[in-house]
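Undergrad: 3D, please:
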Amino acid sequence: MTGTFEEFRAACKKRVDRSMKRCLDQADFPCPGLEEAIRYVLLGGGKRVRPLLVYAGCQALGGDFDDADAAACAVEFIHVYSLIHDDLPALDDDDLRRGRASLHKAFDEATAILAGDALQSMAFEILCRPDAGKGDRLRMAHELAQAAGPAGMVGGQVRDLAADGQEVSLDELETTHRLKTGALIRASVLLGALSSGNATAAQLEGLGRYADHIGLAFQIQDDILDEVSDTGTLGKPQGSDRDGDKATYVALLGLEPARKRAGELTAGAARALDEFGADADPLRHLAAYIVERIN
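TA: Just a heads-up that it's a prediction; the model follows:
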């Protein structure tokens, strides 16, 4: 794919939205209400950063986007499931997501829980279909499961909840967010690379280092935006981290040191791509986009 990064980003977003809709159109929903809830939350907007990382990781190794569609859908299904559950009263208790009512407010809590459960299962079904494309699908499923589970996103969420109102060190905070946010970002890049069918161990190691840097930078920018942006721009309640007495980079370091740390991580991500050619330029642009975004 050629053109500017903005054109690349728009094309990838359009592509994964179309692919996710096709997955839902082909799915079997022998139960009332669930399909409507899933369509509401899955197709109701979003930046699609994780699918974008899948496509960019695939392109970095000269892959075909047709082979990356399943992985792009799978990581977004997992991400959206996590947002549904995060918003529930038992966790972050947020009523707004992507500028609209959170799923448990638009429907009800039971539907939200079950829709999240369904999306998690559907992610692996999509990724492992016989016609899903090139790449080692067993390894890809393992990477995604590990990123989504207790050694990744879920473990990070547990650590995050336990830290509410507590003093934590920078090392403890970074460990939490490498799991809660960074693990799925890392999996997105690696699934894209594996989708190409061309990935070597050295290439995967370099892409993993890149992803580790941007995963942490993404969370720092989230913390910054929660402090300085507004609800209309964010699409979720501004200041919710502060109000919930959450452990954040801004609370721990201060605003400007947090921005400096995000910049250092972005530079480290760029260095991790030194051995890659121009096909990895979208990944390079993405590192900058993550710390420059406003929502």
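
Undergrad: tell me the pLDDT at the most centrally placed residue in the chain?
TA: For the chain, R50 is the residue whose C-alpha lies nearest the centre (C-alpha atoms, centre = their mean; 4.4 Å). On the pLDDT scale, R50 is placed at 97.

Undergrad: Which helix or which strand is home to it?
TA: Using DSSP states H and E, R50 sits in helix 49-60.

Undergrad: still on that earlier bit, can you verify my assumption that the residue nearest to the centre of the chain contacts S82?
TA: No - if you go by C-beta atoms under 8 Å, R50 and S82 don't touch, sitting 10.6 Å apart. (Glycine included, C-beta is placed from N, CA and C.)

Undergrad: Quickly list what's touching both of the two.
TA: L184 (C-beta atoms under 8 Å, 6 or more residues apart in numbering).

Undergrad: Now do the residue nearest to A71 when sequence neighbours are not counted: how many residues are near it, please.
TA: Among residues not flanking A71 along the chain, L191 sits closest, at 4.0 Å (C-beta to C-beta, 6 or more residues apart in numbering). Number of residues near L191 (other C-beta atoms under 10 Å) recorded here: 30.

Undergrad: How about the contacts made by L191?
TA: V54, G57, A68, A71, A74, V75, L127, M140, E143, L144.

Undergrad: If you rank those residues by neighbours, which is first?
TA: Of those, A71 is surrounded by the most neighbours, 35 neighbours in total, counting by other C-beta under 10 Å.

Undergrad: what angle separates the helix or strand hosting that one from helix 49-60?
TA: Assessed by DSSP H and E, A71 sits inside helix 69-86. Helix 69-86 and helix 49-60 are oriented at 160 degrees to each other (axes from the mean of the first three to the mean of the last three C-alpha atoms, to 10 degrees).

Undergrad: following helix 69-86, which helix or strand shows up next?
TA: Scanning onward from helix 69-86 (DSSP H and E), the first element met is strand 96-97.

Undergrad: same for that following strand, what does it pack against?
TA: On a contact count with 3 or more C-beta pairs under 8 Å, 6 or more residues apart in numbering; DSSP states H and E, strand 96-97 meets no helix or strand.

Undergrad: Would you mind checking the average pLDDT for it?
TA: 91.

Undergrad: Distance from the chain centre to the next helix or strand after that strand, please.
TA: Downstream of strand 96-97, the first helix or strand assigned by DSSP H and E is strand 100-101. Relative to its chain's centre, strand 100-101 lies at 20 Å (C-alpha atoms, centre = their mean, to the nearest Å).

Undergrad: how deep is the nearest residue to V291 once chain neighbours are set aside tucked in, by neighbour count?
TA: Closest residue to V291 apart from its sequence neighbours, by C-beta to C-beta, 6+ apart: A262 at 4.6 Å. By other C-beta under 10 Å, the residues close to A262 number 24.
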